[in-house]
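Asks: when you get a sec, could you give me coordinates for this:
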Amino acid sequence: MKKRIALFLAVLLLSLPASALAGIEEDARDLYDLGLLRGTGSTFSVEGLELGRYATRTEACITILRMLGKEEKAAYQKNAHPFTDVPDWAGDGIGWLYENYLVNGVSDTYFGAQDTATVQQFVTMLLRVLGYSDAKGDFTYAQSFSLATSIQLLDMATAQKTELSRWDMISLCRRALQLPIKNSSRTLIRKLCDEGAVEEALAREKGILKAPSVSDAFGDVQEILGGISVIREEGYIRIHLERPLEHYGVRVFMQEESGGPRELKGWGTPYMVKGEVEYLGGGSAGYIRDIYVYGLASDRSCEFIVLKTSSEGELYLITGKTGTAWS
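Replies: A predicted model of the protein is given here:
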């Protein structure tokens, strides 16, 4: 029966349009080069990736381990697991996932290592990788397809399938890498690069890690930094923060009624200056309550937003934004 299934998938793979087949091979190569996918050989080959068959539960779980960036940690920790059917090559990985409550067996001692993984099982695990928790009520197993579709992880064609083919596994992983972690503008590939699990230069070279657009600042970023008010003073505008923010990584964007958002720097026209730095409660971190904007004509009306990022130089990790206010 398994040989018939493998033959069916192989025929289906060969029947795909050349462009679709090339896309699958390109995605596979990208994941392989980034260390997120392994084949049966020591070098990359389409044959070694065995795309013409379904993925086993073991293969799906080890792929999830790599998407979490924990393969090296699992090899170091060598957590035990109770399953008698897990192959030696996957033992450390399954042990780490089991120890961290990310996988369960079919029974107390049987993992179902060679059983075929399902699309729903894999999608559910990818949602957890992206920060969504079924344990905390973000979704239920039955709702996993609905959530995955809404965040553009899952397409309708793949949602119609039951068994997880190895090429669908690759396609889902490739898509997940460029999706944001829950309640953040930080993508999964950005997280893996930050943690050293993936080489950043290579991720950029392959076009998976992309520099964020300035317009992301006005995107769907969670408002957790409080509100702001805009006060016109003689010769400048004062942006007053509802509550003080640590001054490192504070960035200000403005948007007029026509045109896109632009970041205000400490030079040019207009430009912004952070207010007096305070050290609250004797702590070492400096906070600001006001930001001053110079060089705006008195008859210009603008929307302002204040962002807090992890870096003065990059926009990639936005920890929150304020409410907006018009001048």
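Asks: so who does the spatially most central residue of the chain touch?
Replies: When Cα atoms, centre = their mean is applied to the chain, the residue found nearest the centroid is residue 188 (2.3 Å). Residues in contact with residue 188 (Cβ atoms under 8 Å, 6 or more residues apart in numbering) are 67, 129, 130, 176, 177, 178, 179, 180, 181. Heads up, the C-betas are built off the backbone N, CA and C, glycines and all.
Asks: 7 Å - rerun?
Replies: 129, 130, 176, 177, 179, 181 (Cβ atoms under 7 Å, 6 or more residues apart in numbering).
Asks: dump those to CSV, plus distance to residue 244.
Replies: Output for these, formatted as CSV (distance: Cβ to Cβ, whole Å):
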residue, distance to residue 244
129, 35
130, 32
176, 37
177, 36
179, 33
181, 27
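Asks: what about those residues, which one has the most neighbours?
Replies: Most neighbours among these, by other Cβ atoms under 10 Å: residue 177, with 24 neighbours.
Asks: residue contacts, that residue?
Replies: Applying Cβ under 7 Å, 6+ apart, the residues near residue 177 are 188, 189, 208.
Asks: distance of the closest residue to it other than its chain neighbours relative to residue 76?
Replies: Leaving aside its sequence neighbours, residue 177 sits nearest to residue 189 (Cβ to Cβ, 6 or more residues apart in numbering; 4.2 Å). Using Cβ to Cβ, to the nearest Å, we find residue 189 at a distance of 23 Å from residue 76.
Asks: repeat for residue 295
Replies: Distance, residue 295 to residue 76, by Cβ to Cβ: 54 Å.
Asks: check residue 125 too.
Replies: From residue 125 to residue 76 the distance is 22 Å (Cβ to Cβ).
Asks: neighbour count for the two, which is higher?
Replies: Taking other Cβ under 10 Å, residue 125 and residue 76 do not tie; residue 125 has more neighbours (23 against 11).
Asks: quick one on the thing from earlier: could I get the contacts of residue 188 as TSV with secondary structure?
Replies: Formatted as TSV, the contacts of residue 188 follow (DSSP: H, G, I helix; E, B strand; the rest coil):
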residue	secondary structure
129	helix
130	coil
176	helix
177	helix
179	coil
181	coil
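Asks: which helices and strands sit right next to the strand or helix carrying residue 239?
Replies: Residue 239 is part of strand 236-246, with elements assigned from DSSP states H and E. Secondary-structure packing of strand 236-246 (3 or more Cβ pairs under 7 Å, 6 or more residues apart in numbering; DSSP states H and E): strand 228-233, strand 287-294, strand 302-309.
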